[in-house]
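Enquirer: Fold the following for me, if possible:
(one chain, ligands or ions: 2)
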Amino acid sequence: MFRNFKVVPKIIFGKGSFAQLEDILSYKRKNPESYIVFLIDHAFEDTNFKNRVPLKNNDILIWTNTNTEPKTHYIDQLVQDIKKNKDMLPDGIIGIGGGSTMDIAKAVSLMLTNLGSSEDYQGWDIIKNPAIYHVGIPTLSGTGAEASRTAILTGPQKKLGINSDYTVFDQIVLDPDLTEGAPKDQHFYTGMDCYIHCVEALTGTYLNAFSQGYGEKAMELCQNVFLLNPKEAADELMIASYFGGMSIAYSQVGVCHALSYGLSFGLGVKHGIGNCIAFDYLEEFYPKGVAEFRKMQEIAKVEIPRGITKDVDNDILEKMITVALGLEPLWENALGKDWKKKMPKERIKELYLKM
Ligand code: NAD
Ligand code: ZN
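Expert: Ligands and ions are numbered 1, 2, ... in the order given. Below is the predicted model:
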């Protein structure tokens, strides 16, 4: 079966394009009493960014806590707070931030119209009702969350996305200016998420011309940004992120992402940095990619943490292995249909213990 996937219907790109948000939203505001919810990464709370947000009288601004990756109980809390505050649903949910805040916005827009807890919807196509109109505005480039049909959440049992056609943003605003203030390390970790998406898609068994087309261009842009540091790096990385997202939408990620999910579930390591930690030990699977990644790291002068599994509790290690092994399509993409023979539990354990 060929995947019949939904893409973001409206995209605006360019430095300064954020200023057009007011105009875009004016068509979505139903009446003077209705309201829009802005979910904005708390990194902007003590800056003058708020003055640039087109807030109207009844709108709600919530600073998102992204100290940890989004949890299902956090989403449920946000939804409850919004519903408690107002007796009607909002006209829109606007997520402004990195992958975490964009996923929070997607999940909140879905959970306002679907009953129960967000943990009930972790999986594929469980969502029943369309979401509230939702807009994604990245302030970090790399995750591809602006393009994808998933909102990745950590629940009590698993780290797994709410995957559905309704998850996809109705509109994205790609303004590279918004990424300029990101800390150097975070810029690198999130940028490497995109680079690793490309490596895993382009070397995977699921590769096809669609995924290759987007993946190769995204890879070229990442190489340009991280090896040559061009003047237009912010523009290039933002497009790389979107293209990388489109590439994996029609293929899949691989070994590094499977291991990174386990690191994040067991040890709370965030996605970008977790990928960097894991990728460094995957030379046997991705020799060219890992060599180039090390060169990029050297140029960026960013440290990758080591020894994070040194004192790991055995139960937690077991959970990490279970989470990693549960991501079957990722392994199949990376290693082929007989991946289970190539990747027994012990081998994953060995890899984790090196990190
Ligand atoms: P993030 O959103 O977790 O943010 C990382 C840190 O950077 C936070 O402390 C945040 O406050 C700060 N920050 C963000 N923008 C900033 C800016 N412009 N200036 C200063 N600080 C800024 O980081 P991320 O790497 O973009 O996202 C990781 C998350 O994305 C994970 O939760 C991961 O699961 C998710 N993800 C989702 C998808 C998807 O398709 N939905 C794909 C990959 C990753
Ligand atoms: Zn990723």
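Enquirer: When you work out contacts or count neighbours from here on, use the C-alpha atoms and nothing else.
Expert: OK.
Enquirer: Would you mind listing the buried residues in the helix or strand containing residue 185?
Expert: Using DSSP states H and E, residue 185 maps to helix 184-202. With burial defined by 16 or more other Cα atoms under 10 Å, the residues of helix 184-202 counted as buried are 187-202.
Enquirer: Quickly name whichever of those is closest to ligand 1.
Expert: residue 190 (4.2 Å; Cα to the nearest ligand atom).
Enquirer: Surely the closest one touches residue 143?
Expert: Yes. Contact status for residue 190 versus residue 143: in contact at 6.3 Å, counting by Cα atoms under 8 Å.
Enquirer: Could you list the residues in contact with whichever helix or strand comes after the helix holding residue 185?
Expert: Once helix 184-202 ends, the next helix or strand along the chain (criterion: DSSP H and E) is helix 209-223. Helix 209-223 has contacts (Cα atoms under 8 Å, 6 or more residues apart in numbering) with 191, 194-195, 198-199, 201-202, 236-237, 239-241, 243-244, 246-251.
Enquirer: ok, which of the residues you listed also contact ligand 1?
Expert: With Cα under 6 Å from any ligand atom as the criterion, these include none near ligand 1.
Enquirer: and stretch 180-188, does that touch ligand 1?
Expert: Yes. Stretch 180-188 reaches ligand 1 (Cα under 6 Å from any ligand atom) through 181-183, 186.
Enquirer: pull the CA atoms of that stretch into CSV?
Expert: Output of stretch 180-188 as CSV, limited to C-alpha atoms (Å, rounded to 0.1, in the frame of the first residue of the first chain):
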residue,chain,number,x,y,z
GLU,A,180,18.6,33.9,15.1
GLY,A,181,18.7,34.2,18.9
ALA,A,182,18.9,30.4,19.6
PRO,A,183,21.8,29.3,21.8
LYS,A,184,24.7,27.9,19.8
ASP,A,185,24.5,24.4,21.3
GLN,A,186,20.8,24.1,20.8
HIS,A,187,21.1,25.4,17.2
PHE,A,188,23.6,22.6,16.6
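Enquirer: got a list of contacts for it?
Expert: Here stretch 180-188 has contacts from 139-141, 234, 272, 300, 302-303, using Cα under 8 Å, 6+ apart.
Enquirer: Any quick PyMOL command for the buried ones out of these?
Expert: For the buried members of these, the matching PyMOL selection, counting by 16+ other Cα under 10 Å, is:
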select buried, resi 139+140+141+234+272+300
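Enquirer: all helices for the chain, in order.
Expert: Along the chain, counting by DSSP state H, helices occupy 21-26, 72-85, 99-111, 184-202, 209-223, 233-249, 255-267, 271-279, 287-300, 314-325, 328-335, 339-342, 345-354.
Enquirer: which of the residues in the first one are buried?
Expert: Buried positions in helix 21-26, judged by neighbour count with 16+ other Cα under 10 Å: residue 21.
Enquirer: could you give the mean pLDDT of that helix?
Expert: For helix 21-26, mean pLDDT is 98.
Enquirer: what's around the residue lying closest to residue 262 once chain neighbours are set aside, how many residues?
Expert: Leaving aside its sequence neighbours, residue 262 sits nearest to residue 320 (Cα to Cα, 6 or more residues apart in numbering; 4.2 Å). For residue 320, the neighbour count with other Cα atoms under 10 Å is 25.
Enquirer: Does residue 320 touch residue 266 like I think?
Expert: Yes. Using Cα under 8 Å, residue 320 is in contact with residue 266, at 5.4 Å.
Enquirer: near ligand 1, which residues of this protein show up?
Expert: Selection of the chain residues close to ligand 1 by Cα under 6 Å from any ligand atom yields 41-43, 66-67, 69-70, 97-101, 103, 139-140, 143-145, 148, 150-152, 178-179, 181-183, 186, 190, 271-272.
Enquirer: repeat that for 5 Å
Expert: By the rule Cα under 5 Å from any ligand atom, the part of the chain lying against ligand 1 is 43, 69, 98-100, 139-140, 143, 145, 148, 150-151, 179, 181-182, 190, 271.
Enquirer: Using neighbour counts, trim the residues you listed to the buried set.
Expert: Applying 16+ other Cα under 10 Å to the residues of the chain next to ligand 1 flags 69, 98-100, 139-140, 143, 145, 148, 150-151, 179, 190, 271 as buried.
Enquirer: Can you name the two of these that sit furthest apart?
Expert: 150 and 179 (22.0 Å; Cα to Cα).
Enquirer: State the pLDDT value of residue 153.
Expert: pLDDT, residue 153: 96.
Enquirer: Could you tell me how many residues sit around it?
Expert: Each residue near residue 153 was counted by other Cα under 10 Å, and the total is 26.
Enquirer: That one contacts residue 123, doesn't it?
Expert: No. Contact between residue 153 and residue 123 fails when scored by Cα under 8 Å: they sit 10.2 Å apart.
Enquirer: Residues that sit against both of these two, list them.
Expert: 160-162.
Enquirer: Compare the residues you listed and tell me which has the most neighbours.
Expert: Neighbour max across the shared contacts of residue 153 and residue 123 (other Cα under 10 Å) = residue 162, 26 neighbours.
Enquirer: in the sheet, who's paired with it?
Expert: residue 123, residue 151 (DSSP bridges).
Enquirer: and it, how far is that from residue 324?
Expert: 18 Å (Cα to Cα, to the nearest Å).
Enquirer: Where do the strands of the stretch 1-150 of the chain begin and end?
Expert: In the stretch 1-150 of the chain, the strands defined using DSSP state E, counting those that start in this stretch lie at 10-13, 36-41, 60-64, 92-97, 123-124, 134-138, 150-154.
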